[in-house]
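K.L.:
what follows is a predicted structure for the sequence shown.
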Amino acid sequence: MRGLFNILLANRKAAIGAAIVAFFFLIALAAPLVAPFDINQRVASPHEAPSAEHVMGATRMGRDVLSQTIHGTQTSLIVGFAAGLLVTVLGTAIGVTAGYFGGKVDEVLNLFTNISLVIPNLPLMLVLAAFIGQTGPFVIALIIGLTSWGWGARVTRAQTLSLRQRDYILAAEMLGEPAWRIITFELLPNLISIIGFNFIGSVLYAVITEATLEFLGLGDPMVVSWGTMLYHAQSTSALQVGAWWEMAAPCLALVLFGSGLSLINFAVDEIANPRLRTVRVPAKVLAALTNRAANQGGRA
Amino acid sequence: MAFLLRRVGFYVAAFIVAATFNFLIPRLMPGNPVDIMFAQAGGTLPPEALAALKETFGFIDQPWPAQFVTYLKSVFTWDLGLSVKFHPLTVNEVLLRALPWTLMLVLTSSLIAFAIGSLAGILAAWRRGGRFDSIGAPIALMMQAMPPLVTSLLALFVFAIYWPVFPTGYAYDPEIDPGFSLEFFCSVFEHAFLPIVTMALAQVGGYLITMRNSMINLLGEDYIVLGTAKGLSDRRLRMAYAARNALLPTVTSFAMTLGASFGGALVTEVVFNYPGLGYTLFQGITARDYPLIQGQLLIMTLAMLTANFIADVLYVALDPRLRKG
């Protein structure tokens, strides 16, 4: 694990991505301390433009947009990580079980995975959220987690199927190791890059989906999050009256946080699959290679 | 043939599962499902219509299995009930009125994104680590992290409100009569331009990355080395040897992305006030029009299944191994 961590830090993309995500974590933890204004108080005139006092301007209700965005980070991060964890746990459990036990178990689980993949996620979530009514952040996390595990399960199953044929798994089976031990000590450590990739991707997906559901009016409008900020801005026609800052702040937060996560994921992908790297060959090495090819009279 | 038949069987099963969700969700909520589902209907629907609507959704004086059969019968005869918000229209009529607009947005944007993304992916993989690759791949990655919600809002603000180059709503200018006239087509194009571009932007990065990665994995194969050794032209090697096989994973991802893109269309249409499924659904959500919300799940599932079936047919065409099976 330590080795993996060092490799990740040595990769520039991963380091930048991790820094961005860490920044949002700090903001979320210290939200009451760093937010300049009380989010429940009218502290400015309606739709006040950005100024030195209100860096991101104010909403129609005269709330400070920057403070709302900072507090919204808490909600978005909690929903993102809770839903991401749920998606990863479900996907990994279903994928590994299907891949390891095979036969009838695999057939049934794989059928469910494939069905969950062809039923469009967002429309299904809309039906669920609409019936539940005013959905708070935790319910949204639950809805996302329960509907979005399909992709992770499919990828994990495929990888488990290929690992299952390896000699060391056979050896463990010959030794009479129980299935749970083979799965936890032989299979899972070798699936770690896929599980990590799945987790980070799911967090990203969950943060975006939460914002989307809330924007469509399916969240709890009393909770402050990036999604409800966009919802309120949309319902008060913020863009149409020129108050772009009300939308800009949560959008910027979404994009920045999303970029941080995807940078980490891109790096994980590169580390797991070295062929995909975009590293440039150093000029000296390239020259040496070309010279050798030229000397040997071959085509470079 | 056997392969395609098996797939069709699977799609029917998936559709039944989607219908089961519709059947179970209101019944699993705390409280009386009939009251929840038709809470808003009392005001707009006459009593006879409400009674018929209840029967469509299987709310009859019989145990659950019989209710389920009644509901499935309605679904498979494509009787989706009455819309509460758009009374006296049926859900079917409301959805069919909106569907063509959404299909146009989704298909056009997906094809554009697929063509551009795959070509760019081929080029990026071919000169891996080159200038195009080291700029293109990270940009594609960043674009994937851009939620469709954000790109739509940005495009709306910049190109429709700040510089009013494009309209802020509707599918065509209401002063023009719909018909086969140049004026009408121009108006439709003008209104669809921003939604299509934002939706294509959301997908293009994904195709680039999928194609690039799948192509890079193939370029290490022996048959490519052999092709180089035979002295085949770069172009032939790239397109006919590598890209053709690298396209297989992209076709699968095309079908999957199409589903996501229906979801993206929901958001984009709301932002642009575009009268497709998403915008209609948004109106349904605000009015708690449950028959409409349930109907859209079925129609979106159907669209998704059709896309998957087309991908299956393409797969058979691209991968000769499947033709015998």
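P.N.:
Structure received.
K.L.:
so B:Tyr170: helix, strand or coil?
P.N.:
coil (DSSP: H, G, I helix; E, B strand; the rest coil).
K.L.:
tell me how many other residues crowd the residue lying closest to it once chain neighbours are set aside.
P.N.:
Leaving aside its chain neighbours, B:Tyr170 sits nearest to B:His191 (6.1 Å; criterion: CB to CB, 6 or more residues apart in numbering or on different chains). In this view, the C-beta of every residue, glycine as well, is placed from N, C-alpha and C. A total of 22 residues lie near B:His191 under the criterion other CB atoms under 10 Å in any protein chain shown.
K.L.:
what strand or helix carries B:His191?
P.N.:
helix B:182-219 (DSSP states H and E).
K.L.:
average pLDDT for that helix?
P.N.:
Per-residue pLDDT values over helix B:182-219 give a mean of 85.
K.L.:
please pull up the helix or strand immediately following it.
P.N.:
Taking DSSP H and E, what comes next after helix B:182-219 is helix B:222-230.
K.L.:
the helix or strand following that next one near chain A at all?
P.N.:
Per DSSP H and E, helix B:222-230 leads on to helix B:234-236 as the next helix or strand towards the C-terminus. No - judged by CB under 8 Å from any CB of the partner chain, helix B:234-236 and chain A are separated, with a smallest distance of 12.2 Å.
K.L.:
about what we covered before: ok, and for the helix holding B:His191, which residues are buried?
P.N.:
Using 16 or more other CB atoms under 10 Å in any protein chain shown as the test for burial, helix B:182-219 gives B:187-188, B:191-192, B:194-219.
K.L.:
any idea how far chain A is from the residue nearest to B:Tyr170?
P.N.:
17 Å (CB to the nearest CB, to the nearest Å).
K.L.:
correct me if wrong: that residue contacts B:Thr168.
P.N.:
No - between B:His191 and B:Thr168 there is no contact under CB atoms under 8 Å: 9.6 Å.
K.L.:
for stretch B:218-228, buried residues please.
P.N.:
Neighbour-count burial for stretch B:218-228 [16+ other CB under 10 Å]: B:Leu218, B:Leu219, B:Ile224, B:Gly227.
K.L.:
can I get those residues in JSON lines with distance to A:Gly84?
P.N.:
Shown next, in JSON lines, are the buried residues of stretch B:218-228 (distance: CB to CB, whole Å):
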{"residue": "B:Leu218", "distance to A:Gly84": "32"}
{"residue": "B:Leu219", "distance to A:Gly84": "33"}
{"residue": "B:Ile224", "distance to A:Gly84": "38"}
{"residue": "B:Gly227", "distance to A:Gly84": "43"}
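K.L.:
tell me which of those is nearest to chain A?
P.N.:
Nearest to chain A among these is B:Leu219, at 8.6 Å by CB to the nearest CB.
K.L.:
so what's that closest one up against?
P.N.:
B:Ala125, B:Trp126, B:Ala242 (CB atoms under 8 Å, 6 or more residues apart in numbering or on different chains).
K.L.:
in PyMOL, select just the buried ones from the residues you listed.
P.N.:
Entered in PyMOL, the line below selects the buried ones among the contacts of B:Leu219, by 16+ other CB under 10 Å:
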select buried, chain B and resi 125+126+242
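K.L.:
in helices, which of the contacts of B:Leu219 fall?
P.N.:
Counting by DSSP state H, these place B:Ala125, B:Trp126 in helices.
K.L.:
spell out which parts of the stretch 101-250 of chain B neighbour chain A.
P.N.:
Counting by CB under 8 Å from any CB, the stretch 101-250 of chain B sits next to chain A at B:128-129, B:133-134, B:137-138, B:141-142, B:144-150, B:153-154, B:156-157, B:161-162, B:168, B:212-213, B:216-217, B:220.
K.L.:
and those residues, which are buried?
P.N.:
Among these, the ones that count as buried (16+ other CB under 10 Å) are B:128, B:133, B:137-138, B:141-142, B:144-150, B:153-154, B:156-157, B:168, B:212-213, B:216-217.
K.L.:
count the neighbours of B:Pro88 for me.
P.N.:
The burial count for B:Pro88: 11, using other CB under 10 Å.
K.L.:
the residue lying closest to B:Met142 once chain neighbours are set aside is in what secondary structure piece?
P.N.:
With CB to CB, 6+ apart as the criterion, B:Met142 has its nearest non-adjacent residue at 5.6 Å, and that residue is A:Ser259. Per DSSP H and E: A:Ser259 is located in helix A:245-272.
K.L.:
not counting stretch B:261-271 itself, show me its contacts.
P.N.:
Contacts of stretch B:261-271 (CB under 8 Å, 6+ apart): A:120-123, A:126, A:212, A:215-216, A:234, B:101-102, B:105-106, B:109-110, B:148-149, B:152-153, B:156, B:195, B:198-199, B:202-203, B:274-279, B:281-282, B:300, B:303-304.
K.L.:
what do you get for stretch B:108-126?
P.N.:
B:132-133, B:136-137, B:140, B:192, B:195-197, B:199-213, B:215-216, B:219, B:234, B:238-239, B:242-243, B:246-247, B:250, B:254, B:257-258, B:261.
K.L.:
check contacts around A:Ile169.
P.N.:
A:Leu163, A:Ile182, A:Glu186, A:Leu187.
K.L.:
and those residues as a markdown table, adding secondary structure and neighbour count?
P.N.:
Shown next, in a markdown table, are those (DSSP: H, G, I helix; E, B strand; the rest coil; neighbours: other CB atoms under 10 Å in any protein chain shown):
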| residue | secondary structure | neighbour count |
| --- | --- | --- |
| A:Leu163 | helix | 17 |
| A:Ile182 | helix | 18 |
| A:Glu186 | helix | 19 |
| A:Leu187 | helix | 21 |
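K.L.:
how close does B:Val8 get to B:Val165?
P.N.:
Counting by CB to CB, to the nearest Å, the gap from B:Val8 to B:Val165 is 46 Å.
K.L.:
ditto for A:Glu270
P.N.:
40 Å.
K.L.:
related to what we said a few turns ago, which one of the contacts of B:Leu219 sits closest to A:Ile16?
P.N.:
B:Ala125 (23.9 Å; CB to CB).
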